[in-house]
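Enquirer: let's see this in three dimensions:
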Amino acid sequence: MSGKRRASTPPRRSLVRLPSLPLVAGVAVLAVSAGGAVTASGSGVTALASTGSAVGATQAIGSVAGQAISRRGVVVSRGHTRDSGSEETDPELVALAEKQMAERAAKLEEMRRAAEKQAAKIKENKWVLPLASYGITATFGQYGLWASYHTGLDFNANSGDKILSVANGTVTETGYDGAYGNKTVVTLDDGTEIWYCHQTAIYVSVGDSVNGGEIIGTVGATGNVTGSHLHLEVRPGGGGPVDPFQAFVEHGIVP
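Expert: A predicted model of the protein is given here:
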């Protein structure tokens, strides 16, 4: 009939739908209960005891689930590998640390050698007392028997007692010198002059190198004296005299 509208036919929809993951799992459970036990093998699932179409369905579903689990495992494995790699030591940091350790070791070795050198120098130049046996009869700066003040330290001893050089040095003067009598001057490495006065005998000559403790002459009573003794003076840089007692103390010796 004209004028009548025909009912519209709805579009056909596909009757095949993919099962959701929970549904797949449910079917797998039903398949197991109906057909037997299911065990994992490789990347799929295999039914050990089954019958009919339930067995086929179980195998198909198990294969899908197994593949999903396998893919999941790969993701976890990659993540673990990435974390482990991040813990590797940076070669540049290792090289820098080794360089710093080497520089530190070299500096310590340099300091050790310098300390040993200084210790050897101190030991070599350590002062010694000029006489083995003596008594102090006059000190630096006293007034009385002298024209102004006493310019040295007097070691009372017997004539002929051996006089020792108090330190390493070079003999720069020998001979008779008025009130000082027979005198020997030894100049040390730093320019300090040591005067040994009133000697009976002189055993060294100008230009000789002497070491601390070496015999350079004997005690006497020459020059302006009242008895045999060693008059010793200390003159830094060849200048005016200073207190010999203090000089000995500074070099580790107490007269």
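Enquirer: C-alpha only now, for contacts and for neighbours.
Expert: Will do.
Enquirer: pull out the buried residues from stretch 233-245.
Expert: Neighbour counts using 16 or more other C-alpha atoms under 10 Å place 233-236, 241-245 of stretch 233-245 among the buried residues.
Enquirer: what about the residues you listed, which are in strands?
Expert: 233-235 (DSSP state E).
Enquirer: in TSV, list those along with distance to residue 103.
Expert: As requested, those are exported to TSV (distance: C-alpha to C-alpha, whole Å):
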residue	distance to residue 103
233	49
234	45
235	45
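Enquirer: where in the stretch 1-150 of the chain is pLDDT low?
Expert: For the stretch 1-150 of the chain, the stretches with pLDDT under 70 are 1-88, 118-119, 121-125, 144-147.
Enquirer: try it again at 90.
Expert: 1-90, 92, 111-126, 141-150 (pLDDT under 90).
Enquirer: give me the buried positions along stretch 175-191.
Expert: 175-176, 180-188.
Enquirer: one step back: what would the ones in strands among the buried residues of stretch 233-245 look like in a markdown table with pLDDT?
Expert: Formatted as a markdown table, those follow (pLDDT from 0 to 100):
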| residue | pLDDT |
| --- | --- |
| 233 | 97 |
| 234 | 97 |
| 235 | 96 |
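Enquirer: quick check: mean pLDDT of the longest strand seen in the chain?
Expert: Assignment by DSSP E gives strand 193-202 as the longest strand of the chain. The pLDDT scores in strand 193-202 average 98.
Enquirer: show me what that strand is packed against.
Expert: With contacts defined as 3 or more C-alpha pairs under 8 Å, 6 or more residues apart in numbering; DSSP states H and E, the packing partners of strand 193-202 are strand 182-188, strand 215-219, strand 229-235.
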